[in-house]
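In: Need a 3D model of the following:
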Amino acid sequence: MSAQPQLESPVTPEEYLAFERQVEEKNEFIGGVIYPMSGASLKHNQLTTNCAMSLWTQFKKSDYCEVLISKMRVKVNKTDYVYPDVVAICGKVQLEDEYCDTLLNPTVIIEILSKPTRRYDKTLKADLYQNMPTMQDYVLVAQDQYRIEHYQRKSQNQWLLTVLTDPRQVLQLNSVKAEISVQDIYEKVDIEIKNV
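Out: Predicted structure coming up:
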């Protein structure tokens, strides 16, 4: 087992990126502080896969839109970096530098909620995402029940919240011309298991 490099916060964005490119484990960087990312449960992985595959199926014949999963770092402002669970981009992909590992222009971000990250995803990350000019849809997916919270941009500072709780409902992502049924998002996910 090789020792992973360590870096104490607070650090600069440049120090964070240099560190992040040396380690296998992913870390988010907000306000000068490095936040290690935890592993994901079976349900988290199933939900992430279902969302990404549903979008991929709709985008596969498009040269305009694409979908990426949680290993793609996103720069949310001048100094902060995160790893969303699912990202959809329409238009030309914009990357920060020659490393081609940091996305600048997500259109849709989907986060799968879990007990350790629920508060973080619904507050701090939501604020960061909603202040990105390219962001049009922010989607939060619960693991323990049929519940999807969809924030859709209506103007620069106005977002419309729609909550979907019925498997027959459909998540409409107009910004990327895609839709996913709640049933498809929760396909093969046992929402009775309480390991979130």
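
In: Next up, the contacts around residue 91.
Out: By CB atoms under 8 Å, 6 or more residues apart in numbering, the contact set of residue 91 is 64, 105, 107. C-beta: built from backbone N, CA, C; applies to glycine.

In: Residue 111 now?
Out: By CB under 8 Å, 6+ apart, the contact set of residue 111 is 84, 85, 117, 121, 125, 138, 139, 140, 141.

In: longest helix anywhere in this protein?
Out: helix 42-59 (DSSP state H).

In: for that one, what is the average pLDDT?
Out: Computed over helix 42-59, the mean pLDDT rounds to 96.

In: Next secondary structure element downstream of it?
Out: Later in the chain than helix 42-59, the nearest helix or strand by DSSP states H and E is strand 65-69.

In: Report the buried members of the contacts of residue 91.
Out: Buried by 16 or more other CB atoms under 10 Å: 105, 107, out of the contacts of residue 91.

In: if we take the contacts of residue 91, which one ends up nearest to residue 13?
Out: Using CB to CB, residue 105 comes nearest to residue 13 of those, at 17.9 Å.

In: quick revisit: other residues contacting the longest helix of the chain?
Out: With CB under 8 Å, 6+ apart as the criterion, helix 42-59 contacts 40, 65-67, 69-70, 85-86, 88, 108, 110, 112, 114, 139, 141, 143, 173, 176-180, 184-191, 193, 195-196.

In: ok, now stretch 164-179?
Out: Defining contact as CB under 8 Å, 6+ apart, one finds that stretch 164-179 is touched by 54-55, 58-59, 65, 88, 90, 107-108, 136-137, 139, 145-148, 150, 152-153, 180-183, 185-186.

In: Mind doing that once more with 6 Å?
Out: Outside stretch 164-179, the residues within contact range by CB atoms under 6 Å, 6 or more residues apart in numbering are 55, 58, 65, 88, 90, 107-108, 136-137, 146-148, 150, 180-183.

In: do the same with stretch 71-88
Out: With CB under 6 Å, 6+ apart, stretch 71-88 has contacts from 13, 26, 28-30, 48, 51-52, 55, 67-70, 96, 101-104, 106-112, 128, 132, 176.

In: These, buried ones only, as a ChimeraX selection?
Out: Buried residues among the contacts of stretch 71-88 (16+ other CB under 10 Å), as a ChimeraX selection:
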select :28,29,30,48,51,52,55,67,68,69,70,102,103,106,107,108,109,110,111,112,128,132,176
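
In: Which of the contacts of stretch 71-88 fall in helices?
Out: 13, 48, 51, 52, 55, 128.

In: Surely residue 160 is in contact with residue 154?
Out: Yes: taking CB atoms under 6 Å as the definition, residue 160 is a contact partner of residue 154 at 5.2 Å.
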